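Q: Give me a model of this one.
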Amino acid sequence: MELNDANLQTLTEFLRKTLDPDPTIRRPAEKFLESVEGNQNYPLLLLTLLEKSQDNVIRVCAAVTFKNYIKRNWRIVEDEPDKISDLDRTAIKANIVNLMLSSPEQIQKQLSDAISIIGREDFPQKWPDLLTEMVTRFRSGDFHIINGVLRTAHSLFKRYRHEFKSNELWSEIKLVLDTFALPLTELFKATIELCQTHATDINALKVLFSSLTLISKLFYSLNFQDLPEFFEDNMETWMTNFHALLTLDNKLLQTDLVSNAIQFLASVCERPHYKHLFEDQNTLTSICEKVIVPNMEFRSADEEAFEDNSEEYIRRDLEGSDIDTRRRAACDLVRGLCKFFEGPVTAIFSGYVNSMLAEYAKNPGENWKHKDAAIYLVTSLASKAQTQKHGITQANELVNLTEFFVNHILPDLKSPNVNEFPVLKADAIKYVMIFRSQLPKEQLLQAVPLLITHLQAESTVEHTYAAHALERLFTMRGPNNSTLITAAEMAPFTEQLLNNLFKALALPGSAENEYIMKAIMRSFSLLQEAIVPYIPTLIGQLTHKLLLVSKNPSKPHFNHYLFESLCLSVRITCKANPTTVSSFEEALFPVFTEILQNDVQEFLPYVFQVMSLLLEIHSNSIPASYMALFPHLLQPVLWERTGNIPPLVRLLQAYLEKGGATIAGSAADKIPGLLGVFQKLIASKANDHQGFYLLNSIIEHMPPESITQYRKQIFILLFQRLQGSKTTKFIKSFLVFINLYCVKYGAIALQEIFDSIQPKMFGMVLEKIVIPEVQKVSGTVEKKICAVGITKVLTECPAMMDTEYTKLWIPLLQALIGFFELPEDDSIPDDEHFIDIEDTPGYQTAFSQLAFAGKKEHDPIGDAVGNPKILLAQSLHKLSTACPGRVPSMLSTSLNAEALQFLQGYLQAATVQLV
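A: Now for the predicted structure:
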């Protein structure tokens, strides 16, 4: 794509169409952009538009498109085409910082994100001058530019807070400090001075304090791993000014800065070598009174967010998003202080809690915020250790959580008007949720029907918390690894629970509420067959919701739980009555067809998984509706997207399992397409195991004559890949495949196909691959296939007994006995240790696996072989009767003593002898 006006004009028109609410206009435009994004100059055209377009909407749209393009394509993944040319990469890095700093804030934020994505991959090795270029802008004096630099630096450095220590990390931080620490300190001092100069100018202060907030965040990130020498030498500058900011009382400001300063205090008081700074009772009291209590209050900004921006409020409160609130910081400081001073701190705060609750009791309507602060204080005092899965796992012994629940939480939950004091109701629900592991079961059971009632509350925060609390309670484990709350205990509330959850989705602001959808999924999972009577109604509501969200998918978590709920509906109902599968297909196929026709990319992996689940329920035949779809599943474009690969392979496996003969009969012309998919997958280190899954199903389920003409070519492709790049993962899969082939077609067929490709090849494969590598095979079914296959080669292949292959008979038997008796060899060659996480089976970045669409492990050998050791003994017995004397003499002359001992054990267990 040339950098010219005509292309800029075309791009502008397509970007404008991507904003159109009508999917028939929007989708083709998105498709067009997707089709040209591999062209050279495409990113530069976007950058030109966001810099020079006269239309502000187009500029922002180009910026967002550019950032998403960088997010998708900047990282170079082995085996996958690199969509960004080297020239474009160089040009982007040469221009982007300048562009970002000269753009308006909306665009600046997008470009800042893009820089940090590029920085994560290229900084410092491939982008050494990035920091120098940024630091020189501190001298500009223009705070729009300075804040752009600070924001970008923050997104680059914040990962230092959670990276594991390593030499690589230390050297990167050292490089950053050498370039950045001094200019940052100078900027900090200069900004503090400017705050004093402009103390009465609210607009100037807002800008300056947003800079100070970012500077504090950077200071926190750069000091997180350890205290660098530079900051130690300049501690007075930083601490004096931090102290001034903490005690600053400028009525014009309500900023994030306080929370950053408190956060810093919290991290200092947790470190043993600073413990002495806090030991004095007066210091503790002063921190509790002057820093913590005032910042625990529910401020008007919190109230506004609670009512008008509930999504952000929930994210901050439940998930701890990046936006630090004063309350969270104060809460962290309480926890930090409790680490060494639990007794005195609890005593100081108990008085505050009691007086706040007394204030509330005098006049609840006026003083409800006092109770809110009291609950918050109790929560932060009591919480010692917390996990997402169990809530609070360790509590402060000095706080009686059960008593507080009965006296102060339960009354709010029981109040007949769910819409009165929504903040306190949300507090009460949150209390149950976070202390669920501490409260006795009878109190949790008492809370369940009350939480179900709160699903009807008008307040988005309140009904969301109710859904989230129920979902968390339903995942708690009781004795014997079962759920703490059982389906039987839920029986009296089942109907109301399901009704209220689905009604909550209709409340304003909650049409795509992920917490409610997750609670629906968890309720289905807990209640199991108790939901069957409600499914005919509920499946209609779920498919209707699916149709709506597929028009414009915007909430990935909501969509994921929606598909999980569909899977549970199918599984639970069809387990009770498999014939109901057709009624699910009637309900779901129209929506699925629309999703496939409109190519709703985000939903395709899910649709393929649900279709696999449905097809696997059928007895051995494929309905015509599935066969009509079969050719479409082989289209190359579907296989270009990594996220589609695992679910599509599983779906094709289901087709082969249920109708190998149907495909061979009515769709034989599609077999080359099926093998084309296998060929594409086998060439990729990341997806070769998926290629083997498909190949194994073809071998197992297709009528032998339908693939005779392709067999030799399949083996040749596998050998080419073995010569080109031989990884442990590939060899393990290859071993399972050749042994499955042997089980299915016999040992003679395996030997003949190898030797037809190249004389004596069968021996080379045994010597160079099977014997040395079989110990690496893992997985119960995989090991069984290999054991049965090798047994067949040893005992059913005449060439092993009377040709030059005979010399491999004992080493192969020795390898098989080792395979039975020795621990699995899970060593990985050094050069493979660094293959990316995406390259290991079972994990795909872009693929969202549905837990409730899980596939049962399939054993192609089944009950025909119970114990492979007994099979070996029986097969050797049979061989020895066919050629008496040969087997015992080979064993006695060549097999090592330990292996011979094991083998005699197998023969005794099978009650057979060798002759």
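Q: Any buried residues in the lengthiest helix in the chain, and which?
A: Ordering each helix of the chain by length in residues (DSSP state H) puts helix 326-362 first. For helix 326-362, a neighbour-count test (16 or more other CB atoms under 10 Å) marks 326-338, 340-342, 344-346, 348-349, 352-353, 356-357, 359-360 as buried. Heads up, the C-betas are built off the backbone N, CA and C, glycines and all.
Q: How about stretch 648-665?
A: Applying a neighbour-count criterion of 16+ other CB under 10 Å, one finds 648-660, 662-664 buried in stretch 648-665.
Q: From the chain's centroid, how far away is stretch 758-767?
A: 44 Å (CA atoms, centre = their mean, to the nearest Å).
Q: Now do the domain split for this structure, please.
A: According to the TED database, the chain comprises the domains 1-122, 125-252, 255-387.
Q: Of all those, which one is nearest residue 486?
A: For residue 486, the closest of those is domain 255-387, at 23.3 Å, according to CB to CB.
Q: any idea of the mean pLDDT in that closest one?
A: Domain 255-387 comes out with an average pLDDT of 82.
Q: just how off-centre is stretch 893-907 within its chain?
A: With CA atoms, centre = their mean, you get 48 Å for stretch 893-907.
Q: and that stretch, which residues are buried?
A: 895, 899-900, 903, 906-907.
Q: For the domains of the chain, could you give me a markdown table that also reports distance to residue 455?
A: Converted to a markdown table, the domains of the chain look like this (distance: least, CB to CB, whole Å):
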| stretch | distance to residue 455 |
| --- | --- |
| domain 1-122 | 31 |
| domain 125-252 | 35 |
| domain 255-387 | 15 |
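Q: of those domains, which approaches residue 828 most closely?
A: The nearest among these, by CB to CB, is domain 1-122 at 16.1 Å.
Q: Give the rounded mean pLDDT of the closest one.
A: Mean predicted confidence for domain 1-122 is 93.
Q: One more: stretch 134-141?
A: On average, stretch 134-141 scores 91.
Q: Need the residues that contact it.
A: 97, 101, 145-146, 148-149, 152-153, 179-180, 183, 186-187 (CB atoms under 8 Å, 6 or more residues apart in numbering).
Q: Just give me how far the longest helix of the chain sits from the chain centre.
A: 36 Å.
Q: buried stuff in stretch 533-547?
A: 534-535, 538-539, 542-543, 545-546.
Q: Mind telling me what element residue 485 is part of?
A: Following DSSP states H and E, one finds residue 485 outside all helices and strands.
Q: Name the next helix or strand downstream of the helix or strand that contains residue 785, please.
A: In this assignment (DSSP H and E), residue 785 forms part of helix 780-796. As assigned by DSSP H and E, the chain's next helix or strand after helix 780-796 is helix 799-802.
Q: and residue 241, what does it touch?
A: Counted by CB under 8 Å, 6+ apart, residue 241 has contacts 188-189, 192.
Q: actually residue 172, sorry about that
A: Contacts of residue 172 by CB under 8 Å, 6+ apart are residue 124.
Q: Look up how far residue 157 lies from it.
A: 10 Å (CB to CB, to the nearest Å).
Q: and what of residue 614?
A: Residue 614 is 49 Å from residue 157, by CB to CB.
Q: ok, the closest residue to residue 23 other than its chain neighbours - how many residues close by?
A: Distance criterion CB to CB, 6 or more residues apart in numbering; nearest residue to residue 23, sequence neighbours excluded, is residue 551 at 6.0 Å. By other CB atoms under 10 Å, the residues close to residue 551 number 14.
Q: Please look at residue 551 and residue 22 and confirm they touch.
A: No - using CB atoms under 8 Å, residue 551 is not in contact with residue 22; the gap is 10.0 Å.
Q: Fine by me, we can end here.
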